[in-house]
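Colleague: give me a model of this one.
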Amino acid sequence: MGQRPSQPEVNMAPEKELIVTSRPKPSSALCPNGHSVSEYQTDILIIGSGPVGSAYARTLVDGGRDVLMIDAGPQLSKTPGWHLKNSFVYQRDFNSFTGLISSHLHDASVATSENPVITLDPSAFHVDLTKPEFKGFVRNNQNPKQNPFLNVDGEAEAFCVGGMAVHWTCAIPRENPDIERSNLLSDAEWDALYTKAEEYFHKHDDVFDDSVRHVVVKNTILSEFPDRGVCNLPLAVQRNEFDSSLVTWSGTDVILGDQLIGMLSDPKQTRFRILTEHLCYALAPTEEGGCIELARCRDLTKNRKVVIRAKEFVVCAGAVRTPQLLFASEIRPRALGHYICEQPKSFCQVVLKESIVESIGDMSFIGLTDEMKHAIQQQHDENPTDPVPIPSDDKAPQVNIPFSKEHPFHCQIHRDAFKYGAVPPNVDDRLIVDLRWFGYMEPSYENRIEFETDIKDRFGMPQPTFYFQLSTEDAKRSHVMIDDMTRAAVALGGFLPGSEPQFMPIGSSLHLTGSVRMSSKDDDKSVCDTYSKVWGFTNLWVGSNGVIPTGTASNVTLTSVALAIRSARKILGVPNLSHEVSGVVKD
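Modeller: Predicted structure coming up:
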């Protein structure tokens with residue numbers, strides 16, 4: 001098989017270079033049914049190409065190992081894993097990016113509906129709900145066994161090279177060490193791992209400091225909450241070197257780094273390769289057990305079976321699909337899919353107060369720099385018919401109120417695109433501020449994902465079914481949380497109609513944890529050890545948000561990547577990272 005043709009382009013702005021994922025020529029044979037079987041060999045197989053899988057890949061390749069990565073989805077941009085929001089049109093218009101996110105998210109489990117379509121032509125096909133075996137349609141993860149009252153409705157998956165990182169918010173806060181963060185690692189090691197992960201992400205806190213809206217929103221929130229540690233939202237982002245009004249959001253191309261991305265342009269090299277639209281449906285152990293021999297996969301576009309042999313197998317398919325693959329491979333520890341946590345989330349949008357906007361226009365708002373005042377005046381001079389005094393190319397606010405013991409929620413006051421929250425065209429986007437408060441919950445064995453053997457998902461894998469409820473204490477914290485968010489919103493402006501304070505469907509945070517949780521001992525309450533190696537196996541590792549054993553409110557991606565770096569170093573046989581007083585990370 002030669003080099004695969006490039007995927008259709010989604011981005012609207014040029015990238016730094018054309019990169020096409022290498023597709024090496026495998027050995028092939030024919031099955032009795034006439035379909036070809038391809039076989040690959042590598043040091044490390046990584047299943048999943050999101051941030052966690054990419055962190056594994058970078059660390060392992062840097063350590064001298066050959067890595068083959070597969071993903072069930074396609075490559076959406078010329079550079080694998082490039083963040084699609086880097087396109088000029090999306091940075092100027094967040095609303096248009098909202099639809100793109102929605103099209104890339106696929107619900108994990110959808111409860112079927114028994115409600116009749118009463119306006120349907122009587123002669124058209126309809127489900128005969130008098131038959132007990134039928135409870136509705138079952139295609140595309142519609143799940144007749146899913147109780148809608150126990151579902152994690154918002155839980156969704158992204159199938160593409162880069163995973164969620166091609167459209168994520170890029171928020172990478174460190175977890176609160178007293179409540180959120182696991183105590184399985186020392187403070188010093190956590191600090192070192194976080195520092196290395198932030199390096200992978202190109203983390204910055206100051207990229208939006210030159211934004212008028214950022215300064216206005218941050219100072220307003222500081223006045224309302226003077227003792228809450230209001231700060232810039234820590235982000236995986238850099239300033240655009242060519243245009244100061246633009247930024248470069250970090251996708252998995254940034255995590256992989258220039259060296260690995262450069263390797264992909266050479267179809268002959270074997271140090272790092274990505275196979276797109278390849279689904280792993282089973283891991284096969286040796287006859288003796290305790291060691292994985294090969295992965296059974298399928299090339300989805302050619303209906304071809306693929307066998308991949310490796311020394312080590314790393315499953316980084318997300319918090320739902322990672323336990324799903326283990327279940328399908330008949331690797332089923334008692335804790336698999338249990339102890340799941342997801343963040344309750346409240347949301348609203350406000351239109352900035354007229355008094356705030358007027359203080360921008362007359363440049364009396366405290367905190368505006370001379371450069372900002374010049375930009376405001378230039379906006380007025382060049383656009384005299386524009387009623388909004390904020391520069392048209394002004395970057396969005398990115399403000400954070402950190403999680404604390406006294407206020408156990410992570411707060412983001414910003415403007416960004418999600419699969420919800422689009423702004424009507426008769427409201428200027430520069431006036432809109434999004435408020436998202438994320439709560440935490442305590443892990444419980446009963447909160448779980450079960451995988452059905454008689455119902456298949458869109459890929460023919462065991463369908464996930466959720467059994468999930470918040471405890472009474474979780475619910476109380478959520479009520480306090482939305483009240484806190486409302487206070488912040490009122491300080492900023494008036495509610496955008498349709499976006500008044502509300503709770504979003506559970507799971508819409510997309511921060512599910514616990515499904516393959518780690519522990520220091522194999523006591524039926526975990527799936528893997530503290531290096532993410534699956535109990536009972538010598539060469540099977542898991543990486544995803546599901547490894548995190550605690551309830552969290554902050555975005556968990558940084559923590560998951562930090563744990564992936566730790567695990568990859570274990571595979572390489574190198575010491576854990578330690579952090580010196582000087583702040584220099586050393587082996």
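Colleague: residue 211 and residue 397 touch, don't they?
Modeller: Yes - using CB atoms under 8 Å, residue 211 is in contact with residue 397, at 6.6 Å. Where you see a C-beta, it was placed from the backbone N, CA and C, and this is true even at glycine.
Colleague: so for the two, which sits in the more crowded spot?
Modeller: Neighbour totals were compared for residue 211 and residue 397, and residue 397 leads with 26 against 22 (other CB atoms under 10 Å).
Colleague: got the contact list for that one?
Modeller: Under the criterion of CB atoms under 8 Å, 6 or more residues apart in numbering, the contact partners of residue 397 comprise 208, 211, 213-214, 216-218, 413-415, 433.
Colleague: now do it against residue 231, distance only.
Modeller: Remark: distance between residue 397 and residue 231 (CB to CB, to the nearest Å) = 12 Å.
Colleague: next: residue 292.
Modeller: Here the distance between residue 292 and residue 231 works out to 44 Å (CB to CB).
Colleague: the more surrounded of those two?
Modeller: The neighbour comparison of residue 292 against residue 231 (other CB under 10 Å) goes to residue 292, with 25 against 14.
Colleague: what's across from the more buried one in the sheet?
Modeller: Residue 292 forms beta bridges with residue 285, as assigned by DSSP bridges.
Colleague: in terms of contact, does it touch residue 282 like I think?
Modeller: No - between residue 292 and residue 282 there is no contact, the gap being 10.2 Å when judged by CB under 8 Å.
Colleague: what residues of stretch 283-296 count as buried?
Modeller: 283, 285, 292, 294-296 (16 or more other CB atoms under 10 Å).
Colleague: any chance of those in CSV, with pLDDT and distance to residue 125 too?
Modeller: Rendered in CSV, the data for those read as follows (pLDDT from 0 to 100; distance: CB to CB, whole Å):
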residue, pLDDT, distance to residue 125
283, 98, 39
285, 97, 44
292, 98, 45
294, 98, 43
295, 98, 40
296, 98, 36
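Colleague: and which of these is nearest to residue 98?
Modeller: Proximity of the buried residues of stretch 283-296 to residue 98 was ranked by CB to CB; the top entry is residue 295 with 36.1 Å.
Colleague: ramachandran angles for the closest residue to the closest one other than its chain neighbours?
Modeller: Spatial nearest neighbour of residue 295, excluding adjacent residues (CB to CB, 6 or more residues apart in numbering): residue 308 at 4.5 Å. Dihedral angles of residue 308 (phi, psi; degrees, to the nearest 10) stand at phi -120, psi 120.
Colleague: where's residue 308 relative to residue 340, distance?
Modeller: Per CB to CB, residue 308 is found 29 Å from residue 340.
Colleague: between these two, who's got more neighbours?
Modeller: Set residue 308 next to residue 340 and count neighbours by other CB under 10 Å: residue 340 wins out with 29 against 23.
Colleague: who are the neighbours in contact with that one?
Modeller: If you count contacts by CB under 8 Å, 6+ apart, then residue 340 has 152, 319, 443, 447-449, 466, 468, 512-515, 546 around it.
Colleague: repeat that for 10 Å
Modeller: Listed by CB atoms under 10 Å, 6 or more residues apart in numbering, the contact set of residue 340 reads 152, 155, 319-320, 323, 441, 443-449, 466-468, 507, 512-515, 517, 546, 551.
Colleague: filter those down to the ones in helices?
Modeller: Among the contacts of residue 340, the subset assigned to helices under DSSP state H consists of 319-320, 323.
Colleague: quick one: which of those residues has the most company?
Modeller: residue 323 (33 neighbours).
Colleague: from residue 513, how far out is that residue?
Modeller: Applying CB to CB, the value for residue 323 to residue 513 is 12 Å.
Colleague: which residues do those two both contact?
Modeller: Contact criterion CB under 10 Å, 6+ apart; residues bridging residue 323 and residue 513 by contacting each: 340, 544, 546.
Colleague: my guess is the last one contacts residue 448, does it?
Modeller: No - shown here, residue 546 and residue 448 do not form a contact pair, counting by CB atoms under 10 Å, at 11.9 Å.
Colleague: hey, what's in contact with both of the two?
Modeller: Between them, residue 546 and residue 448 share these contacting residues under CB under 10 Å, 6+ apart: 323, 336-337, 339-340, 514-515.
Colleague: how about CSV for those, with distance to residue 380 added?
Modeller: Written out in CSV, the entries for those read as follows (distance: CB to CB, whole Å):
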residue, distance to residue 380
323, 56
336, 61
337, 58
339, 56
340, 52
514, 53
515, 53
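Colleague: so which of those residues wins on neighbours?
Modeller: Neighbours here mean other CB under 10 Å. Within those, the largest count is held by residue 323, at 33 neighbours.
Colleague: for that residue, give me its contacts.
Modeller: By CB under 10 Å, 6+ apart, the contact set of residue 323 is 315, 317, 331-333, 335-338, 340, 448-451, 462, 464, 514-516, 527, 542, 544, 546.
Colleague: wait, the residue nearest to residue 295 sits on residue 38?
Modeller: Yes - the pair formed by residue 308 and residue 38 meets the contact definition of CB under 10 Å, at 8.9 Å.
Colleague: re earlier: buried ones among the contacts of residue 323?
Modeller: For the contacts of residue 323, buried by 16+ other CB under 10 Å: 315, 317, 331, 333, 335-338, 340, 448-451, 462, 464, 514-516, 527, 542, 544, 546.
Colleague: so which of the residues you listed belong to strands?
Modeller: Among the buried ones among the contacts of residue 323, the ones falling in strands (DSSP state E) are 315, 448-451, 462, 464, 542.
Colleague: so which residues of the stretch 151-300 of the chain form helices?
Modeller: Secondary structure of the stretch 151-300 of the chain, counting by DSSP state H, counting those that start in this stretch: helices at 187-201, 212-224, 252-263.
Colleague: JSON lines please, covering those and showing mean neighbour count and mean pLDDT.
Modeller: Conversion of these to JSON lines gives the following (neighbours: other CB atoms under 10 Å; pLDDT from 0 to 100):
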{"stretch": "helix 187-201", "mean neighbour count": "20", "mean pLDDT": "97"}
{"stretch": "helix 212-224", "mean neighbour count": "21", "mean pLDDT": "98"}
{"stretch": "helix 252-263", "mean neighbour count": "21", "mean pLDDT": "97"}
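Colleague: how much space between the closest residue to residue 430 other than its chain neighbours and residue 349?
Modeller: If the residues on either side of it in the chain are set aside, residue 430 comes closest to residue 390, at 4.5 Å by CB to CB, 6+ apart. Taking CB to CB as the measure, residue 390 and residue 349 are separated by 16 Å.
Colleague: surely residue 428 touches residue 386?
Modeller: Yes - with contact taken as CB under 10 Å, residue 428 and residue 386 are classed as touching, separated by 8.7 Å.
Colleague: overlap in contacts, those two.
Modeller: Applying CB under 10 Å, 6+ apart, one finds that residue 428 and residue 386 are jointly contacted by residue 392.
Colleague: circling back: and of the ones in strands among the buried ones among the contacts of residue 323, the nearest to residue 477?
Modeller: Of all these, the one with the least separation from residue 477 (CB to CB) is residue 448, at 21.4 Å.
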